[in-house]
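**Student:** curious how this folds, go ahead:
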Amino acid sequence: MKKIYLAALSLLLLSAACVSPARAQQKSRAPLWGDLSAGPYAVGFRTIYQFDRTRTWRVTRGYEKPFSPDSNGRPIRISIWYPAVLGARSRQMRFADYVRPAGPKEFAELNTIVEMREKEASSYRDRWSDVLRTPVNAYADAAPAGGRFPLALYAGGLDSTGTTTVFVLAEYLASHGYVVATVPLLGPTNEDTEQGRTAADRERVVQDLEFAWSVLRGQTNVDEAKVGVFGKSIGGVEAVILAMRNENVSAVVGLDATYGFKGNEKILADMPDYAPHKMRASFLDIRRDWDDPASVLNLSAEHAFHYCDRSFVTVRNMNHFDFDSDAMIAFEFRLPIGPTEAVNPGRTRETADRGYQNVCRMVLDFFDGKLKGDHIGAERLRADVARADGGAIKHEDALTPPPSGVEFADLIVRHGFEAAAALVDRYRREVPGEPVVDEAVFNAVGYRLIGEGRFPEAIGIMRLVIYAYPDSANAQDGLADAYIAAGQKEPARAALRQALELIAANSSLNAANKEWMSKVEQEKLDRLRP
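**Tutor:** Predicted coordinates:
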């Protein structure tokens with residue numbers, strides 16, 4: 001009997017020691033998760049403080065004060081959630097830890113600014129102390145789980161403090177095997193700390209996230225080959241721009257993003273790196289649908305991301321603010337959510353809570369498919385959309401991007417000029433208005449090939465530029481230079497004569513420019529005389 005008892009006790013102890021991270025996480029479920037199911041990992045949380053010394057933060061030239069250099073630079077506070085393993089000393093955090101993170105004394109001013117903004121802008125000021133005491137589903141500085149995980153960068157809405165607006169979704173993603181990071185949105189200086197609405201403010205957020213990315217790439221638990229970005233409201237604009245100019249980004253999500261609101265199209269288009277034809281990251285747009293979309297939305301620019309696959313999801317009975325973790329707090333504490341009948345009939349505290357959880361699941365589905373290669377991620381996304389209140393999804397497949405200038409040059413050598421010209425014509429038919437051949441970029445490629453002594457490729461690419469821009473004197477001049485470098489004088493002379501004719505016929509040039517350009521072409525032509 002004693003042996004049976006000891007065997008049973010040993011089995012019980014072994015079972016307790018082998019509790020999976022998922023089951024351990026389920027036991028420590030925080031009240032603000034609703035019905036979200038934890039993944040196989042516990043969630044760790046830490047804050048990294050770094051100075052971006054390429055930019056200043058402190059005012060260096062105050063009124064009637066001598067120049068005083070900013071020796072540190074712009075302060076960047078990076079909040080990080082990550083897959084973790086719990087130990088005996090792991091400490092479950094409370095909401096207050098997100099609001100008042102400990103940090104070096106050099107960052108005390110930054111933390112004070114963010115905390116003050118946090119309380120002032122929150123929708124739960126009347127229950128502030130109660131919310132601060134609430135447990136969250138993360139553990140401070142817990143040991144990272146083994147392995148490398150995809151990175152998801154988050155950009156919050158206007159003037160967002162970052163951490164508290166996304167914490168539920170961030171914890172949820174981390175439990176399913178993601179490293180999630182965000183930064184508070186700051187103005188340009190310590191005397192102008194609020195984020196504004198200008199293109200410069202949006203660019204500043206992108207730079208802050210890029211700096212955070214550069215720091216996180218060195219972390220041992222981050223897989224730098226798998227990067228996604230997501231953003232809410234105006235943060236969606238910043239997420240898209242970051243993805244456009246960083247081709248390592250594989251997936252981007254907009255959450256009720258500002259770029260989709262009618263009349264706000266230029267907020268995205270005015271960004272310096274806005275280039276729809278450069279978008280390669282898979283794209284998901286999730287937004288509320290409580291009114292006639294034709295009068296509220298304009299997603300034509302996003303539908304024009306032809307070279308990435310695009311999914312557009314709408315959900316009913318949600319408000320713009322229901323795409324933040326605030327929706328979960330409002331439900332838990334039964335907070336007022338404002339009048340809804342006039343502007344959003346059907347929305348309640350319960351639909352907001354349920355809607356935000358659905359958004360969390362959709363983002364996970366999408367990232368799983370695009371960053372982890374989960375072949376059923378898209379299927380789960382469609383299923384979660386179908387379960388959402390009035391959920392609808394529209395998907396558009398990516399077109400194959402056209403060849404680059406270097407690739408076109410190689411194609412011409414291998415398959416002939418006519419094959420390249422036919423490919424240009426095909427893209428013009430399939431994607432009207434897309435710059436298949438960028439004159440300046442392809443011209444620069446041609447001159448680089450000349451410098452490398454690759455004259456057939458240089459001539460081919462210069463001919464293709466002329467094919468795309470038959471009225472360009474500059475294109476003819478480039479072709480002439482390629483022929484000259486290759487020692488082919490007669491075709492060079494023909495190109496220069498054509499350039500002279502185009503200059504003379506160009507009504508956009510004033511007389512002085514025509515005279516100067518013609519002189520340059522004529523001098524080249526004179527040097528080629530037999």
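**Student:** show me what the spatially closest residue to Tyr41 that is not a sequence neighbour is bridged to.
**Tutor:** Leaving aside its sequence neighbours, Tyr41 sits nearest to Pro83 (CB to CB, 6 or more residues apart in numbering; 3.7 Å). To be clear about C-beta, it is placed using only N, CA and C from the backbone, and glycine gets the same treatment. Listed by DSSP bridges, the beta-bridge partners for Pro83 are Val43.
**Student:** tell me the contacts of Pro83?
**Tutor:** 41-44, 144-145, 147, 149, 174-175, 177-179, 221 (CB atoms under 8 Å, 6 or more residues apart in numbering).
**Student:** repeat that for Arg53.
**Tutor:** 72-73.
**Student:** from Glu439, how far off is it?
**Tutor:** 38 Å (CB to CB, to the nearest Å).
**Student:** so for stretch 262-276, mean pLDDT?
**Tutor:** Averaging pLDDT along stretch 262-276 gives 84.
**Student:** cool, and stretch 188-201?
**Tutor:** On average, stretch 188-201 scores 87.
**Student:** in this structure, which residue is most central in space?
**Tutor:** Residue closest to the mean C-alpha point of the chain, counted by CA atoms, centre = their mean, is Ala239 at 2.9 Å.
**Student:** contacting residues for Val436?
**Tutor:** Contacts of Val436 by CB under 8 Å, 6+ apart are 402, 424, 427-428, 468.
**Student:** bridge partners for Leu151, pull those for me.
**Tutor:** Applying DSSP bridges, one finds that Leu151 bridges with Val179, Val227.
**Student:** quick one: contacts for Ala102?
**Tutor:** Remark: with contacts taken as CB under 8 Å, 6+ apart, Ala102 is in contact with Thr47.
**Student:** quick one: it and Ala84, what's the gap?
**Tutor:** As for Ala102, its distance to Ala84 is 18 Å (criterion: CB to CB).
**Student:** before we move on, what about His375?
**Tutor:** From His375 to Ala84 the distance is 27 Å (CB to CB).
**Student:** what is the longest helix of this protein by residue count?
**Tutor:** Longest helix in the chain, counting residues (DSSP state H): helix 349-371.
**Student:** could you give me the buried positions within that one?
**Tutor:** Neighbour-count burial for helix 349-371, with 16 or more other CB atoms under 10 Å as criterion, is recorded at 349, 351-371.
**Student:** and if you look at stretch 324-332?
**Tutor:** 324-332.
**Student:** need the phi and psi values for Lys65.
**Tutor:** When read as degrees, to the nearest 10, the backbone of Lys65 gives phi -120, psi 150.
**Student:** revised request: answer the last question for Arg53.
**Tutor:** phi -80, psi 0.
**Student:** ditto for Thr56
**Tutor:** Per degrees, to the nearest 10, the backbone of Thr56 is at phi -90, psi 160.
**Student:** just the buried residues from the contacts of Val436, in ChimeraX please.
**Tutor:** To isolate the buried ones among these in ChimeraX, judged by 16+ other CB under 10 Å, type:
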select :402,424,427,468
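**Student:** inside helices: which ones of the contacts of Val436?
**Tutor:** 424, 427-428, 468.
**Student:** out of these, who's nearest Leu216?
**Tutor:** Tyr427 (36.8 Å; CB to CB).
**Student:** spatially nearest residue to that closest one, not counting backbone neighbours?
**Tutor:** Val436 (4.4 Å).
**Student:** so who does Ala275 touch?
**Tutor:** Taking CB under 8 Å, 6+ apart as the test, what Ala275 contacts is Met244.
**Student:** kindly recompute the last result at 10 Å.
**Tutor:** 241, 244-245, 435 (CB atoms under 10 Å, 6 or more residues apart in numbering).
**Student:** thought the residue nearest to the centre of the chain was touching Val227?
**Tutor:** No - using CB atoms under 10 Å, Ala239 is not in contact with Val227; the gap is 11.5 Å.
**Student:** what is in contact with these two at once?
**Tutor:** Contacts common to Ala239 and Val227, judged by CB under 10 Å, 6+ apart, are 153, 249, 252, 281.
**Student:** of the residues you listed - the most surrounded one?
**Tutor:** With neighbours taken as other CB atoms under 10 Å, the top of these is Val252, carrying 29 neighbours.
**Student:** from Lys278, how far off is it?
**Tutor:** 12 Å.
**Student:** so what sits against both of those two?
**Tutor:** 243-244, 305, 308.
**Student:** so which helix or strand takes in Val114?
**Tutor:** Per DSSP states H and E, Val114 falls inside helix 108-121.
**Student:** output the below-cut-off pLDDT ranges for the stretch 1-150 of the chain.
**Tutor:** 1-29 (pLDDT under 70).
**Student:** tell me where it has strands.
**Tutor:** 42-52, 74-85, 92-94, 135-140, 143-144, 149-155 (DSSP state E, counting those that start in this stretch).
**Student:** do the stretch 351-500 of the chain as well
**Tutor:** Using DSSP E, counting those that start in this stretch, strands in the stretch 351-500 of the chain cover 392-396.
**Student:** follow-up on the earlier one: contacts for the helix holding Val114 next, please.
**Tutor:** With CB under 10 Å, 6+ apart as the criterion, helix 108-121 contacts 47, 49, 57-58, 74-77, 98-104, 107, 125, 128, 132, 158-165, 184-187, 190, 193-195.
**Student:** same thing but at 7 Å, please
**Tutor:** 75, 77, 99-101, 103, 125, 128, 159, 161, 164, 184, 190, 193 (CB atoms under 7 Å, 6 or more residues apart in numbering).
**Student:** okay, the angle between that helix and strand 42-52?
**Tutor:** 120 degrees (axes from the mean of the first three to the mean of the last three CA atoms, to 10 degrees).
**Student:** how far does helix 108-121 sit from its chain's centre?
**Tutor:** 25 Å (CA atoms, centre = their mean, to the nearest Å).
**Student:** quick revisit: would a markdown table of the strands of the stretch 1-150 of the chain with distance to Phe417 be doable?
**Tutor:** Listed next are the strands of the stretch 1-150 of the chain as a markdown table, based on distance: least, CB to CB, whole Å:
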| stretch | distance to Phe417 |
| --- | --- |
| strand 42-52 | 48 |
| strand 74-85 | 50 |
| strand 92-94 | 64 |
| strand 135-140 | 60 |
| strand 143-144 | 55 |
| strand 149-155 | 43 |
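**Student:** out of those strands, nearest to Gly34?
**Tutor:** Set against Gly34 and scored by CB to CB, the strands of the stretch 1-150 of the chain come closest in strand 135-140, at 11.2 Å.
**Student:** related to what we said a few turns ago, so which of the contacts of helix 108-121 belong to helices?
**Tutor:** Using DSSP H, the contacts of helix 108-121 in helices are 99, 128, 164.
**Student:** just the helices in the stretch 151-300 of the chain please.
**Tutor:** Assigned by DSSP state H, counting those that start in this stretch, the helices in the stretch 151-300 of the chain fall at 163-175, 199-216, 234-245, 265-269, 293-296, 300-303.
**Student:** can you flag the weakest of these by average pLDDT?
**Tutor:** Of all these, helix 293-296 has the smallest average pLDDT, which comes to a mean of 63.
**Student:** returning to what we had before: mind listing what's buried along the helix holding Val114?
**Tutor:** 110-111, 113-114, 117-118.
**Student:** farthest pair in the residues you listed?
**Tutor:** Leu110 and Glu118 (12.4 Å).
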